[in-house]
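A.B. asks: Turn this into a model:
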Amino acid sequence: MAAVYERHGDLHSAIEHVQRMGDQSGVEQRLLQLLERARENNEGGAPSLSELAQGFVRARPNVSEAVCRLGIRRFPDDARFPVCLARVAMEQNEVGAATAWYAEAVRLAPDDREVYDEALGQLDSMMEEGLFEADVSQSRVIARHALEMLEERQRRWPDRAPSVSRSELLLQLGRAEMSAGNVAEARERLEASLAADETREAHIQLGLLLERVGQGEDSARHYRAALDLITESGPEGAAERAELLEHLGDAQRIAGDERQAERMYRQSLALWNDLIEQVRGPRRSVVEVRRGVLHSRLGN
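C.D. replies: Next up, the predicted model:
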């Protein structure tokens, strides 16, 4: 009942109708207290309004959004309400809107590390889900906001590591540019990611990009660097080496070095052959596919 009126910013009617429902103990009493405090234009009003909004973020995001927008109108300098709208946008997979609201929250609360960390943590989740790759123009805007927030956070708290790094953001943006077919932009972002922190994944992505545009020697250089960065042992490390050796063989074939390419393919195949008895179920099908591809490359 309260949500019906909260959706329209009418706290007075929400209070009136909840009171008519009779029992005013437990949850009802707590809700009425929040509604009463949320009407106040003082230090108690903002946190109560924010708490009301958070109660609906997942179950009724449209109600939460309405309450947060009411909060922004009444308390324009309070960062809780842009954070609230960012959370609602995240629930609705509106990545660009979420990033923009987090940027506004950071502007309003530049000394609140928790705001930075929540924003960067959510961006990290977006990246893991591949949301940066959906629209490259949106990805660029998101990355710009994210990099600005990250740089400011590192300036203010240099001894506290953030949940996402500059190299990771640039890597994801490079992937988005690759998906859109923007070769020059993708290369620039991936090289910037490596300059910030030399990671295996950035080397692999740059190797794939250069391989696809026919730059076999440069591609091979990045695959070798990625191989040097493998630290895992056991089946996992062997599988990663096998995959990279196959990529390295492809790059050397493109570069015209057929002999070296064949050597890499044989090394990769030997690793997969050793792994075949160590895996069961659906994962075994991946090993069989790679073995088939390599035999094809070798003319078998």
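A.B. asks: name the helices or strands packed onto the helix or strand hosting Glu168?
C.D. replies: Glu168 belongs to helix 166-179 when elements are defined using DSSP states H and E. On a contact count with 3 or more CB pairs under 8 Å, 6 or more residues apart in numbering; DSSP states H and E, helix 166-179 meets helix 113-128, helix 136-156, helix 183-196, helix 200-212. Backbone N, C-alpha and C define where each C-beta goes, glycine included.
A.B. asks: between the ones you listed, which gets nearest to Arg87?
C.D. replies: Of all these, it is helix 113-128 that lies closest to Arg87, at 8.2 Å by CB to CB.
A.B. asks: which one of the helices and strands packed on helix 166-179 is the most hemmed in?
C.D. replies: helix 200-212 (a mean of 21; mean count of other CB atoms under 10 Å).
A.B. asks: who's in contact with the helix or strand just after that helix?
C.D. replies: Downstream of helix 200-212, the next assigned helix or strand under DSSP H and E is helix 216-228. In this structure, residues lying in contact with helix 216-228 by CB atoms under 8 Å, 6 or more residues apart in numbering are 198, 200, 203-204, 206-211, 241, 244-245, 247-248, 251-257.
A.B. asks: ditto for stretch 160-180
C.D. replies: Outside stretch 160-180, the residues touching it (CB under 8 Å, 6+ apart) are 113, 116-117, 120-121, 123-124, 127, 132-133, 136, 139-140, 143, 146-147, 150-151, 153-154, 185-187, 189-190, 192-194, 196-197, 199, 201-202, 205-206, 208-209.
A.B. asks: Give me the pLDDT for the residue nearest the centre of the chain.
C.D. replies: Among the residues of the chain, the one closest to the centroid is Met127, at 2.1 Å (CA atoms, centre = their mean). Met127 is assigned 71 on the pLDDT scale.
A.B. asks: how far away is it from His247?
C.D. replies: 23 Å (CB to CB, to the nearest Å).
A.B. asks: likewise Val95?
C.D. replies: With CB to CB as the criterion, Val95 and His247 are 30 Å apart.
A.B. asks: Neighbours of Arg259, how many?
C.D. replies: Burial of Arg259 is recorded as 7 neighbouring residues (other CB atoms under 10 Å).
A.B. asks: Go through whichever strand or helix holds it and flag the buried ones.
C.D. replies: Assigning secondary structure by DSSP H and E places Arg259 in helix 258-275. By 16 or more other CB atoms under 10 Å, the buried positions in helix 258-275 come out as 260-262, 264-265, 267-269, 271-272, 275.
A.B. asks: Likewise for stretch 272-291?
C.D. replies: Going by neighbour count (16+ other CB under 10 Å), the buried part of stretch 272-291 is 272, 275, 279, 287, 290-291.
A.B. asks: Adding distance to Phe56 and pLDDT, write these out as CSV.
C.D. replies: Converted to CSV, the buried residues of stretch 272-291 look like this (distance: CB to CB, whole Å; pLDDT from 0 to 100):
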residue, distance to Phe56, pLDDT
Trp272, 52, 95
Leu275, 50, 91
Val279, 46, 83
Val287, 48, 93
Arg290, 49, 95
Arg291, 53, 96
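A.B. asks: Give the closest residue to Arg290 in space, chain neighbours not counted.
C.D. replies: Using CB to CB, 6 or more residues apart in numbering and skipping residues adjacent in sequence, the residue nearest Arg290 is Trp272, 5.3 Å away.
A.B. asks: show me what contacts that neighbour?
C.D. replies: 239, 242, 287, 290-291, 294.
A.B. asks: how does it look with 7 Å?
C.D. replies: 242, 287, 290-291 (CB atoms under 7 Å, 6 or more residues apart in numbering).
A.B. asks: one step back: where does confidence bottom out across the buried residues of helix 258-275?
C.D. replies: Minimum pLDDT across the buried residues of helix 258-275 is recorded for Leu275, with 91.
A.B. asks: Verify the stated contact: it with Ala239.
C.D. replies: Yes: with contacts defined as CB atoms under 7 Å, Leu275 counts as touching Ala239 at a distance of 6.3 Å.
A.B. asks: doesn't Tyr102 make contact with Ala119?
C.D. replies: Yes: under the criterion of CB under 7 Å, Ala119 makes contact with Tyr102 at 3.7 Å.
A.B. asks: For the chain, give me the ranges with low pLDDT.
C.D. replies: 1-3, 5, 9-10, 15, 17, 22-25, 38, 42, 128, 130-134 (pLDDT under 70).
A.B. asks: OK, contacts around Gly249?
C.D. replies: Going by CB under 7 Å, 6+ apart, Gly249 touches 261, 264-265, 268, 297.
A.B. asks: I'm done for today, thanks for sticking with me.
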